[in-house]
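**Q** Sequence plus the predicted model coming up.
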Amino acid sequence: MDFNLEWLLSSDYTEPRYFLLIFFILLSGIFLRYLVLAWIYHEWVYKKLGDAMPYRRLHEQVRLPQVKKEIRYSFLGALIFAFAGVAILIFWQKGISQLYTQLTWWDAIWLPGSFGVALFLHETYYYWLHRWMHRPQVIRHFHHIHHNSLYTSSFTSFSFHPIEAGLQAIFLPVLVLVLPIHFFVLIALLISMSITAVINHAGVEVYSEAALRSPVFRWVVGATHHDMHHHKFRCNYGLYFTFWDVWMKTEDPGFEKRFEQHTQKKDLIKV
């Protein structure tokens, strides 16, 4: 089965006019996706869920000046991610990427398999990059911008210094050069990146208290896990999963206790 996407590749994106056209289309989509997703999650999860179950909130609502600053840096990041998106299209158009659109019987195995491999590679890249960015001689140059948001919100999810945004954006263009991956798996990766980033920064824990006992969700990064990173800096470096933190002994030993505090109904805990 073949999904005809020739229309997407019908223009030469190395030509300036087409490069700028697709760049601004991607920029608009990336930045609007961030604004809409962050706003919806803040209004309907942080506020609505937080009002119904206040013990799930990790901290009080952040102030407007912080949100405005995060949106400005997120726009700068969107510029860089849009450039990476154009690079992927050019690689695909020139036939040097491993992207494909035709489905065969093998994809019944490879579609979920390639998605899992991509998540593992991204997790590994990000974990070690993140640890490097926390070296004292590195963090003060650019990663401190993200950590200026000590108390995070869903708008923090995309707020990075342009250098850090570039280091993150480079992953997908390199990935499509080396890993055979269906176009729809690439889209699924982009959606996963956006949703998990918002969940982890929103300041409200959405996972069940049973997650710690689950053979799957025990290894998933959530708001409590990442919030502790923003407060303590030298722990909980994971992006999607906790396994590198567990293996490298960088998970905060108080994580499980704090997770239980914010998932079990009781009086609101001040943090």
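**A** Done, it's in.

**Q** ok, Asn236 touching Asp252?
**A** Yes - between Asn236 and Asp252 there is a contact under CB atoms under 8 Å: 5.6 Å. Yep, even glycine has a C-beta here, placed from its N, CA and C like the rest.

**Q** any shared contact partners between the two?
**A** Common neighbours of Asn236 and Asp252, counting by CB atoms under 8 Å, 6 or more residues apart in numbering, are Met228.

**Q** who has more neighbours, the two?
**A** Set Asn236 next to Asp252 and count neighbours by other CB atoms under 10 Å: Asn236 wins out with 23 against 18.

**Q** Assign that one to helix, strand or coil.
**A** Following DSSP: H, G, I helix; E, B strand; the rest coil, we place Asn236 in the coil state.

**Q** Not counting its neighbours along the chain, what's nearest it?
**A** His229 (4.0 Å; CB to CB, 6 or more residues apart in numbering).

**Q** Could you pull out the buried residues of the worst-scoring helix or strand of the chain on mean pLDDT?
**A** Of all helical and strand segments in the chain, the minimum by mean pLDDT, DSSP states H and E falls on helix 136-138, at a mean of 92. The neighbour-count check on helix 136-138 (16 or more other CB atoms under 10 Å) flags nothing as buried.

**Q** now stretch 20-34
**A** By neighbour count with 16+ other CB under 10 Å, stretch 20-34 contains the buried residues 22-23, 26-27, 30-31, 34.

**Q** repeat for stretch 167-181
**A** The neighbour-count check on stretch 167-181 (16+ other CB under 10 Å) flags 167-169, 171-173, 175-176, 181 as buried.

**Q** Can you show me the helices along the chain?
**A** Using DSSP state H, the helices found in the chain span residues 16-41, 48-52, 64-93, 107-133, 136-138, 144-147, 162-169, 171-178, 183-201, 223-232, 243-247, 255-261.
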